[in-house]
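Peer 1: have a look; sequence and predicted model below, questions after that.
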Amino acid sequence: MGCTSSLVHDGSNGTAQQATTSQKESKASPVPKSTNSESQALTTEDIYQAEDLRSKPIIDEKIALEQVNDDAELLQELNNMMYEQFDKSFSDIQVSYEKNDYFTLWKAAHSLKGATCNLGINRFAHICKVVQQYGQDMDALIKAGTSLTKEQTHKCAVFIQLMAIEWEEYRKYYEEFSQRLARFQAANG
């Protein structure tokens, strides 16, 4: 199932309270920083507004449940696997960005995009898609012998920063979502 631009939402604004149960903490290291002073005006907040991200739910609960035939335990297992994949893939993205290895960067972003999209984590998947595209474009430019602009690398860095922010938002939201699922399953046997 592919990501779609229309997202189903249960009516909440997508924000969740801090998780109270112990979930595996993200091992992601600090996100890359750009040194481009000319395009420093571009921030993660600019991207939230330009992409209208806050109007979209963090997770499309309908897709998430459809993918596991309403099996909350399986969804939790897949979510735990997603945490592990994120830690590795995000580390790959950060290291490859710092090394100007945009081929590895876009491959790692592509992997995260597919996995998150299949579980209805479409807001994060959208950001992965943008990072993937930046990585592909910059990889092609380098292979063609063209120098990258500071603006290109800065935009990529800002989207990578946004990935880290959105992942933490997803983790918080998922905790609340999984608690609601557990209550629903307990009430409905």
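Peer 2: In hand now; what should we look at? Residues are numbered from 1 along each chain as shown.

Peer 1: from here on, just use CA atoms for contacts and neighbour counts.
Peer 2: OK.

Peer 1: and the closest residue to Phe159 other than its chain neighbours, what element?
Peer 2: Once flanking residues are discounted, Phe159 sits nearest to Val131: 6.3 Å by C-alpha to C-alpha, 6 or more residues apart in numbering. Using DSSP states H and E, Val131 falls within helix 122-143.

Peer 1: what of Arg183?
Peer 2: helix 150-187.

Peer 1: check the average confidence over that helix, would you?
Peer 2: The average pLDDT within helix 150-187 is 88.

Peer 1: angle of it against helix 122-143?
Peer 2: Here the directions of helix 150-187 and helix 122-143 differ by 150 degrees (axes from the mean of the first three to the mean of the last three C-alpha atoms, to 10 degrees).

Peer 1: could you list every helix and strand that helix 150-187 packs against?
Peer 2: Helices and strands touching helix 150-187, as assessed by 3 or more C-alpha pairs under 8 Å, 6 or more residues apart in numbering; DSSP states H and E, comprise helix 44-50, helix 72-98, helix 122-143.

Peer 1: among the ones you listed, which is nearest Tyr174?
Peer 2: helix 72-98 (8.6 Å; C-alpha to C-alpha).

Peer 1: next secondary structure after that closest one?
Peer 2: helix 102-118.

Peer 1: can you list contacts of that following helix?
Peer 2: 1-3, 63-64, 67, 82, 85-86, 89-90, 92-94, 96-97, 122, 124-126, 128-129, 131-136, 138-139 (C-alpha atoms under 8 Å, 6 or more residues apart in numbering).

Peer 1: out of those residues, which are buried?
Peer 2: 3, 63-64, 67, 82, 85-86, 89-90, 92-94, 96-97, 122, 124-126, 128-129, 131-136, 138-139 (16 or more other C-alpha atoms under 10 Å).

Peer 1: how much space between the residue nearest the centre of the chain and Phe184?
Peer 2: The residue lying closest to the centre of the chain (C-alpha atoms, centre = their mean) is Phe124, at 3.1 Å. Here Phe124 is placed at a distance of 26 Å from Phe184 (C-alpha to C-alpha, to the nearest Å).

Peer 1: equivalent analysis for Ile58, please.
Peer 2: Taken as C-alpha to C-alpha, the span from Ile58 to Phe184 is 20 Å.

Peer 1: when the two are compared, which one has more neighbours?
Peer 2: Neighbours were counted for Ile58 and for Phe184 using other C-alpha atoms under 10 Å; Ile58 has more, 28 against 12.
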